[in-house]
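**Student:** I need the structure of the sequence given here:
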Amino acid sequence: QVQLVESGGGLVLPGGSLRLSCAGSGRTFSIITMGWFRQAPGKEREFVAVSFGSGSTYYGDSVQGRFTISRDNAKNTVYLQMNSLKPEDTAVYYCAATRVISSTFMKRPSSYEYWGQGTQVTVSS
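**Tutor:** The predicted structure is shown next:
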């Protein structure tokens with residue numbers, strides 16, 4: 001089994017920055033793909049970013065150019081640097097991980113086997 005624990009959420013002013021972290025433990029050798037999703041109240045879970053084992057990264061349209069995903073494989077940790085935050089970025093952010101998946105399915109929450117508990121990000125003045 002794999003456990004994922006997120007940290008780094010909080011309250012930030014519009015235009016500000018936050019960095020989320022997600023540390024994996026357990027059977028981490030099975031983790032190849034790591035990503036971030038978010039879910040605002042009353043909305044579906046939304047794809048934010050993904051980091052493949054190959055080093056490729058992809059982003060959701062709404063965060064492209066503002067967010068950056070990175071990972072430290074030695075620490076089994078993935079990060080999400082969020083800049084130029086907007087009120088509409090307010091959501092619970094979830095870390096997700098799985099084995100190898102095709103980029104065709106990267107935006108589907110059902111493609112990921114393991115999930116963290118989520119961390120709240122609130123962007124407000």
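**Student:** quick one, strands of this structure?
**Tutor:** With DSSP state E, the ranges of strands along the chain come out as 2-7, 10-12, 18-26, 33-39, 46-51, 57-59, 67-72, 77-82, 91-98, 114-115, 119-123.
**Student:** kindly reformat those as TSV containing mean neighbour count.
**Tutor:** In this view, the C-beta of every residue, glycine as well, is placed from N, C-alpha and C. TSV is the format used below for these (neighbours: other Cβ atoms under 10 Å):
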stretch	mean neighbour count
strand 2-7	17
strand 10-12	14
strand 18-26	18
strand 33-39	24
strand 46-51	22
strand 57-59	16
strand 67-72	16
strand 77-82	22
strand 91-98	23
strand 114-115	19
strand 119-123	18
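**Student:** for K107, which of those is the nearest?
**Tutor:** In terms of Cβ to Cβ, the element of the strands of the chain nearest to K107 is strand 46-51, at 3.9 Å.
**Student:** which elements pack onto that closest one?
**Tutor:** Applying 3 or more Cβ pairs under 8 Å, 6 or more residues apart in numbering; DSSP states H and E, one finds that strand 46-51 makes contact with strand 33-39, strand 57-59, strand 67-72, strand 77-82.
**Student:** make a markdown table out of those strands and add distance to G9.
**Tutor:** Below are the helices and strands packed on strand 46-51 laid out as a markdown table (distance: least, Cβ to Cβ, whole Å):
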| stretch | distance to G9 |
| --- | --- |
| strand 33-39 | 10 |
| strand 57-59 | 19 |
| strand 67-72 | 14 |
| strand 77-82 | 10 |
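**Student:** kindly reformat those as a markdown table containing mean pLDDT.
**Tutor:** Output for these, formatted as a markdown table (pLDDT from 0 to 100):
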| stretch | mean pLDDT |
| --- | --- |
| strand 33-39 | 96 |
| strand 57-59 | 96 |
| strand 67-72 | 96 |
| strand 77-82 | 96 |
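**Student:** looking at those strands, spot the one closest to V100.
**Tutor:** Of the helices and strands packed on strand 46-51, nearest to V100 by Cβ to Cβ is strand 33-39, at 6.6 Å.
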